[in-house]
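> Mind folding the following:
(chains A, B, C and D)
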2 protein chains.
Amino acid sequence: MSQRTGSATIAEVAKHAGVSPATVSRVMNGRFVGEPAVADRVRASARELSYSPSHLARSLALGRTKAVGFLVPDLANPSFQEILSGFSKAAARDGYRALIADSAESSSEEALLASEIRSRCDAVVLCAPRMPEAELVELAATLQPLVLINRSSPRIAAPSLSINYQVGIKNLARHLTELGHRRLMYVEGPEESASNSYRVRGLEEFCVADPSVTVERVRAGATFEDGVAAAPAVARAVQASGITAALAFNDLVAVGLINGLADLGLSVPGDVSVTGFDDIRFARFFAPPLTTASVPHEEVGAEAWLRLHSFITDQSRSFDLMFAPRLEVRGSTGPAA
Amino acid sequence: MSQRTGSATIAEVAKHAGVSPATVSRVMNGRFVGEPAVADRVRASARELSYSPSHLARSLALGRTKAVGFLVPDLANPSFQEILSGFSKAAARDGYRALIADSAESSSEEALLASEIRSRCDAVVLCAPRMPEAELVELAATLQPLVLINRSSPRIAAPSLSINYQVGIKNLARHLTELGHRRLMYVEGPEESASNSYRVRGLEEFCVADPSVTVERVRAGATFEDGVAAAPAVARAVQASGITAALAFNDLVAVGLINGLADLGLSVPGDVSVTGFDDIRFARFFAPPLTTASVPHEEVGAEAWLRLHSFITDQSRSFDLMFAPRLEVRGSTGPAA
DNA sequence: CCGCGTCGTGAAAGCGGTTTCTCGTGTCTG
DNA sequence: CAGACACGAGAAACCGCTTTCACGACGCGG
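Coordinates of the predicted model:
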């Protein structure tokens, strides 16, 4: 049951200093108002016994852990790593730590995981691109305080930070059409992924606005491997339907695709132009450098903390935020043949 | 003081089910042996009140949090992200979560941070490349159980996982000399960094073994920006001392360096060969693809968990592990002019 | 000189669980 | 049919800290 962690308890310090635990507590928290000599004695005892208060016990008594859950679908994805990095650094400034959970792209357990992690923290950041809206709405109510990343709904009373995927993908499409491409292919992200739907919608709107452009679609995923796997389908479409450019779900898929295409003897952008999405940190250094929609992930993470923090401290409900990606034109796109 | 988290307490469930808290506890933990009807009643009440046990209170009573601290010098560094990812996934399989702390490359606070984070968890993974040995030894004693990454010392009773930087850098140097390079330059990592010292030592040994080779050194750091900043010095050395190849501290620095050199009109590997270290996930896709020493970071993370876990559960002390990097020859190195 | 604040500190009641110990009940044995 | 015993469940102590409340001592004004 109990374990000697080596660290002394408040009671031991109290005894050693000849005072009550209450006094020790007050001294340790700077709430002590009595005789300075007593405080000094307590501090001396604490030092001598190398006492450090149990975070756990404090948290229980205080009803606050100073930890925040951070749930992402895949921690191996650079975008989420960047968000986490931004979040963690911002939270640390206020003395909070991030407790991480990786739903490992298995959306079925996301809700359970979220509850579990929330129960250990004061709040939670939820990145659940593929959770069905209804489930999310229900879940969100039990998770407060929380902030959502890349999901927002009028039925959810939580601040949300999102990327305007629709605009981002449209900008990429426009860039391609300006280069003369007319037959495009969208290499889709994970099925059921909300952020994938936004991109699809954006492209549909784009086609409506410019009927001379067509966009085929092929299922892929969110990882490098998914991009590689989609290469044959893209190569076929080049032959069959004469597509000249592919918009990948994200940078990872784009890189995979470019490499897959190379293995099939197709060069980028010579034979096909390829765009990514996210502008992960290394996108500009790839061969060819990736034309992509740049998303300030670290900033998203930092901003997520800011919102969560103000909500935790004074219950202030902030407005939703939407980041507009910036078009980054690089070497992976070129004029249509 | 107390906050209505919305979730019911064990006492409420007990009252609702007409039993004692003890019984509820037993049912919730599968330790109940009495009449099945009672258990059913408890479960029904729990569901009805949507009861979920307070992790905090449980942890306090049990003396175990099922969380593990993870301290790294910089969460924005892809290598640490990969270790974290591997660690987190492995720990999750055993129901543990990682609590992260980023010492933000400020080594002075590392010890405090480590203690702080350790006090919230059952154990801790420590990645403190720049902490002075003496401080580390003292700290380690108070942090048990812990595992160290990239630091090992006979004076520390904790399993350590490390990379054989010495061998890795020697392999890179050998590769370069086989290509005909004789005058090399090492672009150093952060001052005081242990893993930097290993590389330096490796190169020194290499020079002793093959006196025809010389290695100059220039201070840089661990980031992309540090690599860019080191470019002028490397370029000068190309002119002044006729170096023909540069070994960068890691892949990030290598990429920065390559780009910095390009701005100065030097091409890689045409004018200078450049090697990295780590083989971060994108190293092969850069322009040019990076010749580097490949380190299985995800595996290091996973293995770190395994050791920590077996130590937590049955106190078994495992042996230290050292991963030998694998030489990955790619396009950033070529024959000496 | 007595009553009334004020001040410094301690006792004790939480926070929400777990677990030991105890006790009543029902069953089995001699 | 009495006594031993297994069994089911509750009372209470405990994990380590915070905080309210109470209380004794002291200083002051009437």
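> which residues touch the closest residue to DNA strand C within chain A?
In chain A, no residue comes nearer to DNA strand C than A:G34, which is 1.6 Å away by CB to the nearest atom of the strand. Using the backbone N, CA and C atoms, a C-beta is placed for each residue, glycine as well. Counting by CB atoms under 8 Å, 6 or more residues apart in numbering or on different chains, A:G34 touches A:T23.
> Give the helix, strand or coil label for it.
Three-state call for A:G34 (DSSP: H, G, I helix; E, B strand; the rest coil): coil.
> And it, how close does it get to A:V42?
As for A:G34, its distance to A:V42 is 10 Å (criterion: CB to CB, to the nearest Å).
> tell me, what's touching the two both at once?
Taking CB under 8 Å, 6+ apart as the contact rule, A:G34 and A:V42 both touch A:T23.
> Assumed A:M185 was part of a strand.
Yes: judged by three-state DSSP, A:M185 forms part of a strand.
> what about it, neighbour count?
Using other CB atoms under 10 Å in any protein chain shown, the number of residues around A:M185 comes to 25.
> pLDDT value on it, please?
pLDDT for A:M185: 98.
> unless I'm mixing things up, it is touching A:R217, no?
Yes: with contact defined as CB atoms under 8 Å, A:M185 reaches A:R217; the gap is 7.1 Å.
> Tell me where chain A has strands.
Assigned by DSSP state E, chain A shows strands spanning A:67-72, A:97-102, A:123-126, A:146-149, A:160-163, A:183-187, A:214-218, A:245-248, A:273-275, A:292-294, A:321-323, A:326-328.
> Please identify which of those is closest to DNA strand D.
Closest to DNA strand D of the strands of chain A is strand A:67-72 (CB to the nearest atom of the strand; 16.0 Å).
> in chain A, what residue is nearest chain B?
A:A287 (3.4 Å; CB to the nearest CB).
> Just the pLDDT at the nearest residue to that residue once chain neighbours are set aside, thanks.
On the basis of CB to CB, 6 or more residues apart in numbering or on different chains, the spatially nearest residue to A:A287 that is not a chain neighbour turns out to be B:A287, at 3.4 Å. The model reports B:A287 with a pLDDT of 90.
> In this structure B:A287 contacts A:R284, no?
No: look at B:A287 against A:R284 with CB under 8 Å: they stay out of range, at 9.8 Å.
> coming back round to it: just the strands of chain A: most buried one?
Stretch with highest mean neighbour count among the strands of chain A: strand A:245-248 (a mean of 31; mean count of other CB atoms under 10 Å in any protein chain shown).
> all helices of the stretch 1-150 of chain A, in order?
For the stretch 1-150 of chain A, the helices defined by DSSP state H, counting those that start in this stretch occupy A:10-17, A:21-28, A:36-48, A:55-62, A:78-93, A:110-118, A:133-143.
> and the closest residue in space to A:G270 that isn't next to it in sequence, what is it in contact with?
Of all residues not flanking A:G270 in the chain, A:G334 sits nearest, at 7.2 Å (CB to CB, 6+ apart). By CB under 8 Å, 6+ apart, the residues touching A:G334 are A:L179, A:P269, A:G270, A:S273.
> are any of those residues buried, and which?
A:L179, A:P269, A:S273 (16 or more other CB atoms under 10 Å in any protein chain shown).
> Is it correct that the second one is in contact with A:T333?
Read that as A:P269. Yes: using CB under 8 Å, A:P269 is in contact with A:T333, at 5.4 Å.
> So is stretch A:147-157 next to chain B?
No: applying CB under 8 Å from any CB of the partner chain, one finds stretch A:147-157 separated from chain B by no less than 13.5 Å.
> Please disregard the earlier target; I meant stretch A:81-94.
Yes: counting by CB under 8 Å from any CB, contacts between stretch A:81-94 and chain B involve A:Q81, A:E82, A:L84, A:S85, A:S88, A:K89, A:A92.
> and which of those residues is nearest B:M322?
Distance to B:M322 across these (CB to CB) is lowest for A:Q81, with 26.1 Å.
> which residue sits closest to the closest one in space, ignoring its chain neighbours?
Nearest one to A:Q81, counting by CB to CB, 6+ apart, is B:Q81 at 4.5 Å.
> between the strands of chain A, which one is nearest to A:S52?
A:S52 sits nearest to strand A:97-102 of all the strands of chain A, at 16.0 Å, using CB to CB.
> What lies in contact with that closest one?
Outside of strand A:97-102, the residues within contact range by CB under 8 Å, 6+ apart are A:66-75, A:84, A:87-88, A:91, A:113-114, A:116-117, A:120-121, B:67, B:84-85, B:88-89, B:92, B:97-101, B:117, B:120.
> quick one: is stretch A:39-54 near DNA strand D?
Yes: under the criterion of CB under 7 Å from any atom of the strand, DNA strand D is reached by stretch A:39-54 at A:Y51, A:P53, A:S54.
> Alright, I will stop here.
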